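Enquirer: Quick one, fold the following:
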Amino acid sequence: MGACIVRGASVLKYDILIKSGHIVDGTGNPSTVMDVGIANGKVRGMGRSLSGDAGKVIDATGAVVCLGFIDLHNHTDLAALAYPRCESHIMQGITTSVVGNCGLAMAPINPEKLMLLQEYLAPFLPKGFDWGWNWRSAEEYWARIESQGSSMNMVAFFATLLRASPIRNPTRGPRKNPNTPRNLNTASNLTRGPRTTLSPNPFK
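Expert: Numbering: from 1, shown residues only. Presented below is the predicted three-dimensional model:
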């Protein structure tokens, strides 16, 4: 849980000191009542009676202190620019989201098919926010989120197993249009990149 574990009455300077919570560490062991000291965004101390100055002290008596949960199926990436604090997840204890599910993704973008992509994603996007749509690749979209900041850790499912829709929509659109050599070439180019791999269909 941290780079440095300090037990007993060791003295450290903490940004946050959580006192007397039931620690559940994810190992399957029974919970244990302990204190947790946090400094520079990392757990720096755990013990039954940690002492030392702290910028904030939280009395967690009767509460559970645990690692953040991982949500394996959500669409945080569709709203992260509009809601960078991601309150709907953070307030449930979720700190990591696996995104890009269901073939829904904000990238890649083909400028010629941008209106089709916007129409396809419209039911899932927060209303009244100016997205800008000034990215093209998945790398550029993630750079946009990183530059703005987000309270969530996000793992891009479509960056390791690229779904059909983010490739189909920028090339031939969501409708049943026939493929053309130009469409296939565009789709091939969209699957290239350091974070992009098109997996073969295992059910074919």
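
Enquirer: need the contact list for C66.
Expert: Counting by C-beta atoms under 8 Å, 6 or more residues apart in numbering, C66 makes contact with 23-26, 93. Quick note: C-beta positions are derived from backbone N, CA and C, even for glycine.

Enquirer: same thing but 7 Å
Expert: With contact taken as C-beta atoms under 7 Å, 6 or more residues apart in numbering, C66 is in contact with V24.

Enquirer: Give the bridge partners for it, please.
Expert: V24 (DSSP bridges).

Enquirer: Please apply the same query to the one 4 residues further on.
Expert: Here I70 sits in beta bridges with T96, going by DSSP bridges.

Enquirer: close enough to count as contact, it and T96?
Expert: Yes - counting by C-beta atoms under 7 Å, T96 is a contact partner of I70 at 4.5 Å.

Enquirer: Between these two, which is the more surrounded one?
Expert: Just comparing I70 and T96: by other C-beta atoms under 10 Å the higher neighbour count belongs to T96, 16 against 12.

Enquirer: Helices of the chain, start to end?
Expert: Using DSSP state H, the helices of the chain run over 87-90, 114-121, 138-148, 157-160, 165-171, 181-190.

Enquirer: Identify the residue nearest the geometric centre of the chain.
Expert: Nearest to the mean C-alpha position of the chain, counting by C-alpha atoms, centre = their mean, stands M154 at 1.7 Å.

Enquirer: how is this structure carved up into domains?
Expert: 14-67, 70-190 (automatic domain parsing).

Enquirer: any idea how far the last one is from the chain center?
Expert: Taking C-alpha atoms, centre = their mean, to the nearest Å, one finds the center of domain 70-190 at 12 Å from the center of the full chain.

Enquirer: what does the first one give?
Expert: The chain centroid and the centroid of domain 14-67 are separated by 24 Å under C-alpha atoms, centre = their mean.

Enquirer: how long is stretch 135-155 end to end?
Expert: End-to-end distance for stretch 135-155: 19 Å, by C-alpha to C-alpha, to the nearest Å.

Enquirer: Now mean pLDDT too, for the domains of the chain, in TSV please.
Expert: Formatted as TSV, the domains of the chain follow (pLDDT from 0 to 100):
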stretch	mean pLDDT
domain 14-67	92
domain 70-190	80
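
Enquirer: Perfect, that will be all.
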